[in-house]
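Trainee: Got a predicted structure here, sequence first:
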Amino acid sequence: MAGDAPTRLVKGAVAEGEVRALHRDGDARGVVGGHAARVRGGVPGDRGAFRVLHAGRNAVWVAPEALSEPSPDRVVPPCPVVDRCGGCPWQMVALPAQRAARRALLADALGDLEVGELRDTVTFDDALAYRTRALMMARRVKRRLVFGFFEPRTDELVPVDACAVQHPTLNTALARARAVLDESGVTTWRSAARAGTLRAVAGRLDPDTGTVLLTIVVTRDDPRFDDIGHALVADPRIAGVALCVNTAPGGQVARGPTRHLAGAKRLHLDIDGVDILCGPMSFVQTQHAAASALVRIARELVPERVTHLVDLYAGIGVFGLALCGRAERVTLVEENADAVRDAEATIARGNGFDRVRIVAGDAAQVADGVLDGAPGTCVLLDPPRAGVAEPVLAAIARAAPETILYVSCHPTSFARDARELAGAGYRCDVLVPVEMFPHTPHLEVVARFVRA
Ligand SMILES: C[S@@+](CC[C@H](N)C(=O)[O-])C[C@H]1O[C@@H](n2cnc3c(N)ncnc32)[C@H](O)[C@@H]1O
């Protein structure tokens, strides 16, 4: 048991131990055979026998083998491939314990940062079938085309027919894409050394109409994809299909020049009452219900009257457009050309968006020019996981806007930036955690900063 003399751990060995905590990387932490161990699929409180998956110089990975005392927070995971697929590492943890662990990780990230009002986490009814955006990798296995996800830290595909956390309509549309692509005989890409065409298929769902926009990600274009696109839009659940050509050897899959194949070019997403156009390649939140909740929180926290609303990581313009009615001027800054075109298309449809200006470019380059120091300015920040770039924080400090609303999907980078803002004279007066990604360690937060 934990506390006894350490047992030598080698791959495949079984040793006694216990699980102590959940960690932000998805694996739990415990003590097994007297060694600190990363426990895949462990729940704090589990005790018993653990099998060694990997024993490296710096870390030991184990998984429960035979638990003599399973944790009271252990539940049967709904997904049959949870042990191999890295997508939902906390599915075996009861929801209340998951929520407590995410709060603990947030508290840890915030450290001594002063927060006026830290609210309860906003949660949603569905902890399954919640994803309205998906990306599934493709591979031929024994001539059959399968879709799935990569095992963590490998390029081994875990076949998944219908992902438990993806919306059923998204699963149905992806299954249809798999069938049509399989029939076409398209080869699949595995590595730069082994040529092949199909890499992945992405889908995004409009839950109001129950229709999906699909993107087929390939290494090379081919005229037969036009026929495939037309065959797919014959299914009423598939609104449109695009082709993304990614010739890069690895890295981010859904990136590269895109061509429309068939059907609709964009979805009309109703995000908390705002009709916003979204094409196949622009950022959209993983969970539609949470996207609307973020807008509702922003409506509550942004002042009723704003002179200049500056949305510095604007995407398709969700926050800037939703809050446009309370601002004299709105500036959207976005570097992704597809998202800029989507925002332009939404604005061109009227709806009172005539006071909105789009600045296409890197926020780090344009922030100084855009932030003109007008009294009553509100800055919106919804950056990628890496957080806000240093030159942007410096530009904000110089312009000294009255209010900053920061939406973050990564509490660690948020806490780092919040300290910078505190150093520039801002106080975080409200912080609202939002449960965007059940069964994972990830937590979205919305925070308001006002000048101290
Ligand atoms: C988390 S998304 C948020 C988008 C939008 N607020 C929404 O909710 O849909 C971050 C956005 O910032 C954009 N972005 C990333 N780095 C950027 C930069 N340096 N300058 C401007 N935009 C950037 C991305 O293309 C993406 O659209």
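Mentor: Ah, there it is.
Trainee: Wait, Asp161 touches Thr172, no?
Mentor: No - between Asp161 and Thr172 no contact is recorded; they are 10.9 Å apart, counting by C-beta atoms under 8 Å. C-beta here means a position set from N, CA and C on the backbone, and glycine is covered the same way.
Trainee: quick one, which of the two is more surrounded?
Mentor: Taking other C-beta atoms under 10 Å, Asp161 and Thr172 do not tie; Thr172 has more neighbours (18 against 13).
Trainee: Surely Ala395 is in a strand?
Mentor: No - according to DSSP: H, G, I helix; E, B strand; the rest coil, Ala395 belongs to no strand; its state is helix.
Trainee: Who are the contact partners of the residue of the chain found nearest the ligand?
Mentor: Nearest residue of the chain to the ligand: Gly315, at 2.6 Å (C-beta to the nearest ligand atom). For Gly315, the contacting residues are Ser282, Phe283, Val284, Glu334, Asn336, Ala339, Ala343, Asp382, taking C-beta atoms under 8 Å, 6 or more residues apart in numbering as the criterion.
Trainee: The stretch 51-200 of the chain against the ligand: which residues are in contact?
Mentor: Taking C-beta under 6 Å from any ligand atom as the contact definition, the stretch 51-200 of the chain does not meet the ligand anywhere.
Trainee: Give me the residue ranges of the stretch 51-200 of the chain where confidence is low.
Mentor: Low-confidence regions of the stretch 51-200 of the chain, defined by pLDDT under 70, span residues 191-194.
Trainee: what about the residue of the chain closest to the ligand, helix or strand, and which?
Mentor: In this assignment (DSSP states H and E), Gly315 forms part of neither any helix nor any strand.
Trainee: got the phi/psi numbers for it?
Mentor: According to degrees, to the nearest 10, the main-chain angles of Gly315 amount to phi 60, psi -130.
Trainee: With the one 10 residues further on instead?
Mentor: Gly325 has phi and psi values of phi -60, psi -20 when expressed as degrees, to the nearest 10.
Trainee: cool, and the one 4 residues further on?
Mentor: The phi and psi torsions at Arg329 (degrees, to the nearest 10) take the values phi -140, psi 150.
Trainee: Could you find the closest non-adjacent residue to it?
Mentor: Closest residue in space to Arg329, ignoring its immediate chain neighbours: His308 at 4.9 Å, by C-beta to C-beta, 6 or more residues apart in numbering.
Trainee: before we move on, what about Pro168?
Mentor: Looking at Pro168 with C-beta to C-beta, 6+ apart, the closest residue is Ala129, at 6.0 Å.
Trainee: ok, now Ile347?
Mentor: Phe353 (4.4 Å).
Trainee: Val165 now?
Mentor: For Val165, the closest residue by C-beta to C-beta, 6+ apart turns out to be Arg131, at 5.1 Å.
Trainee: what's the answer for Thr211, then?
Mentor: With C-beta to C-beta, 6+ apart as the criterion, Thr211 has its nearest non-adjacent residue at 3.9 Å, and that residue is Ala239.
Trainee: measure the one you found to His230 for me?
Mentor: Distance of Ala239 to His230, computed by C-beta to C-beta, to the nearest Å: 13 Å.
Trainee: Those two: which is more packed in?
Mentor: Here Ala239 and His230 are set side by side on neighbour count (other C-beta under 10 Å), and the busier one is Ala239, at 25 against 14.
Trainee: Run through the residues that contact that one.
Mentor: With C-beta under 8 Å, 6+ apart as the criterion, the residues that contact Ala239 are Asp206, Thr209, Thr211, Val212, Leu213, Val233, Gly263, Ala264, Leu267.
Trainee: mind redoing it with 10 Å?
Mentor: Taking C-beta atoms under 10 Å, 6 or more residues apart in numbering as the definition of contact, the neighbours of Ala239 are 173, 204-206, 209-214, 232-233, 262-268.
Trainee: Which strand or helix spans it?
Mentor: Following DSSP H and E, one finds Ala239 within strand 238-245.
Trainee: Give me the angle between the next helix or strand after that strand and strand 238-245.
Mentor: Following the chain from strand 238-245 toward its C-terminal end, the next helix or strand by DSSP H and E is strand 258-263. Comparing the axes of strand 258-263 and strand 238-245 via axes from the mean of the first three to the mean of the last three C-alpha atoms, to 10 degrees yields an angle of 150 degrees.
Trainee: now strand 258-263, how far from the centre of its chain.
Mentor: Shown here is strand 258-263, whose average C-alpha point lies 24 Å from the average C-alpha point of the whole chain (C-alpha atoms, centre = their mean, to the nearest Å).
Trainee: The chain: helices as residue ranges?
Mentor: Using DSSP state H, the helices assigned to the chain run over residues 95-110, 168-184, 224-233, 288-301, 318-322, 337-348, 363-370, 390-399, 411-423.
Trainee: Which among those is found nearest to Phe124?
Mentor: Between Phe124 and the helices of the chain, the tightest spacing by C-beta to C-beta is seen for helix 288-301, at 5.1 Å.
Trainee: does the ligand sit close to that closest one?
Mentor: No - under the criterion of C-beta under 6 Å from any ligand atom, the ligand is not reached by helix 288-301; the shortest gap measures 6.5 Å.
Trainee: Which neighbours do Ala239 and His230 have in common?
Mentor: By C-beta under 10 Å, 6+ apart, Ala239 and His230 have these common neighbours: Ala262, Gly263.
Trainee: Sheet partners, orientation included, of the strand holding Ala239?
Mentor: Strand 238-245 has the following strand partners under DSSP bridges: strand 211-218 (parallel), strand 258-263 (antiparallel).
Trainee: got the angle for the longest one vs helix 224-233?
Mentor: Looking back up the chat, that one is strand 211-218. Between the axis of strand 211-218 and that of helix 224-233 there is an angle of 160 degrees, by the same axes, to 10 degrees.
Trainee: quick one: average confidence on strand 211-218?
Mentor: Along strand 211-218, the predicted local confidence has a mean pLDDT of 97.
Trainee: Would you indicate which residues of it are buried?
Mentor: Buried positions in strand 211-218, judged by neighbour count with 16 or more other C-beta atoms under 10 Å: Thr211, Val212, Leu213, Leu214, Thr215, Ile216, Val217, Val218.
Trainee: and the residue lying closest to Ala386 once chain neighbours are set aside, how many residues sit next to it?
Mentor: Setting aside the residues directly before and after it, Ala386 is nearest to Ser413 in space (C-beta to C-beta, 6+ apart), at 5.9 Å. Here the neighbour count serves as a burial measure; for Ser413 (other C-beta under 10 Å) it reads 17.
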